[in-house]
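1. Got a sequence here, can you model it:
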Amino acid sequence: MADVEIERPAADLDRALLINVAYRLLGSMADAEDAAQEAYVRWYRMAAADRDAIRTPAAWGVRVVTRICLDNLTSARRRREQYVGPWLPEPIPGRSFPTSSQPTDPAELVALDEHVTLAMLVVLDSMTPAERISFVLRDVFGYPFSEISEILGRSEAACRQLAVSARRRVEPARRCARDRLRHNDATIVLSKAFQRGDIVSVIELLDPDVTVTNDGGGRVRAAVRPIVGVQRVLRYLTGIRRREADVETSVVDVNGQAGLRMQRGGVTVAVGALEVRDGLVSRLWIVRNSDKLQYWNLDQAMRPVTTSNL
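-> Coordinates of the predicted model:
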């Protein structure tokens, strides 16, 4: 994208709204900010008279950023064929951290609700672009199907059906996200048990079919296939603890839920998010790709969180 000098903030475009939409559609904060920036560029490239003729600039911005995301999603599937190992959404630190006034602070830009947990983003990423857009615009932001239809170039009936299909797929993740206390408690207990090498307690917390998925992106050492089953996961976690004895693990706010932050020498080297079903950990996603951890290594103090402030 060409560099264009633009005024910021624009009174008529809602940058936070654009990033909220784009992050849910792309699962990447960096890509979401790029999409929002491109929407601003297109806005300011228009003649002033053309901008003045737009009755609802915020809605215009959402339409434009969604189309940008649609193009990105279409090309992303091809790019990910070259990606080393599983691709996971980019985790963002939540508001349980002290936040600066910088506009790049993701916690100030993204509303951390049940639709932005890592578990939800993983489900959204499994959808077709049209299905994902229909669900996000309708169920998260309340846009009418008439506008969604215009963006996608499909009938309103087709967009409704896409949203219905998406709702069925996200419902399990939604239910898990709502059981906040169980999720927080399981995360804290797992972290403490892992740190002290309490294998019995770890086993008691894991679902028999627990799955661990790593995203190293080829930049760091990471399993390139999901690890399935309690015994395999236990061996994997034991191996990590042995190989990475110098890594400190703490419970932090990841996308609005309790998650895990792994640090070596004060630098975040991995961020983990869990799915807890019926009190047991059923999924563990670990992001190790340093490109996706930039927000976790900003020059600001971050404090561990507890169930009292989650």
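
2. okay, CA-based contacts and neighbour counts for the rest of this
-> Fine.

3. How is this structure partitioned into domains?
-> Domain assignment for the chain by automatic domain parsing gives 15-177, 180-297.

4. Adding mean neighbour count and mean pLDDT, write those out as a markdown table.
-> Putting the domains of the chain into a markdown table (neighbours: other C-alpha atoms under 10 Å; pLDDT from 0 to 100) gives the following:
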| stretch | mean neighbour count | mean pLDDT |
| --- | --- | --- |
| domain 15-177 | 18 | 88 |
| domain 180-297 | 19 | 93 |
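
5. Tell me what residue 251 is bridged to.
-> Beta-bridge partners recorded for residue 251 (DSSP bridges): residue 260.

6. ok, it to residue 177 distance?
-> 17 Å (C-alpha to C-alpha, to the nearest Å).

7. One more: residue 53?
-> 42 Å.

8. go on, residue 227?
-> 23 Å.

9. Same question for residue 74.
-> 28 Å.

10. do the same with residue 64
-> 30 Å.

11. again, but for residue 153
-> Remark: distance between residue 153 and residue 177 (C-alpha to C-alpha) = 32 Å.

12. for residue 231, same thing?
-> In terms of C-alpha to C-alpha, residue 231 sits 26 Å off from residue 177.

13. Would you map the helices across the stretch 1-150 of the chain?
-> 15-26, 29-45, 48-52, 57-79, 106-109, 118-125, 129-135, 145-152 (DSSP state H, counting those that start in this stretch).

14. Dump those helices to a markdown table, plus distance to residue 220.
-> Formatted as a markdown table, the helices of the stretch 1-150 of the chain follow (distance: least, C-alpha to C-alpha, whole Å):
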| stretch | distance to residue 220 |
| --- | --- |
| helix 15-26 | 23 |
| helix 29-45 | 20 |
| helix 48-52 | 46 |
| helix 57-79 | 19 |
| helix 106-109 | 24 |
| helix 118-125 | 21 |
| helix 129-135 | 29 |
| helix 145-152 | 38 |
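
15. Can you tell me which of the ones you listed is nearest to residue 203?
-> Shortest distance between residue 203 and the helices of the stretch 1-150 of the chain, using C-alpha to C-alpha, is found for helix 118-125: 21.6 Å.

16. which residues are contacting the closest one?
-> Residues outside helix 118-125 that contact it (C-alpha atoms under 8 Å, 6 or more residues apart in numbering) are 24-27, 88-89, 91, 114-115, 132, 169-170, 173-174, 254-255, 273-275.

17. Now do the helix or strand that contains residue 207: which elements does it pack against?
-> In the assignment (DSSP states H and E), residue 207 maps to strand 206-215. Using 3 or more C-alpha pairs under 8 Å, 6 or more residues apart in numbering; DSSP states H and E, the elements in contact with strand 206-215 are strand 227-228, helix 230-243, strand 280-287.

18. angle of that strand against strand 280-287?
-> 10 degrees (axes from the mean of the first three to the mean of the last three C-alpha atoms, to 10 degrees).

19. Can you tell me the strand partners of strand 206-215 and which way each runs?
-> strand 227-228 (antiparallel), strand 280-287 (parallel).

20. could those strands go into CSV alongside distance to residue 191?
-> Converted to CSV, the strands paired with strand 206-215 look like this (distance: least, C-alpha to C-alpha, whole Å):
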stretch, distance to residue 191
strand 227-228, 19
strand 280-287, 12
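
21. right, so of the ones you listed, which gets closest to residue 265?
-> strand 280-287 (18.0 Å).
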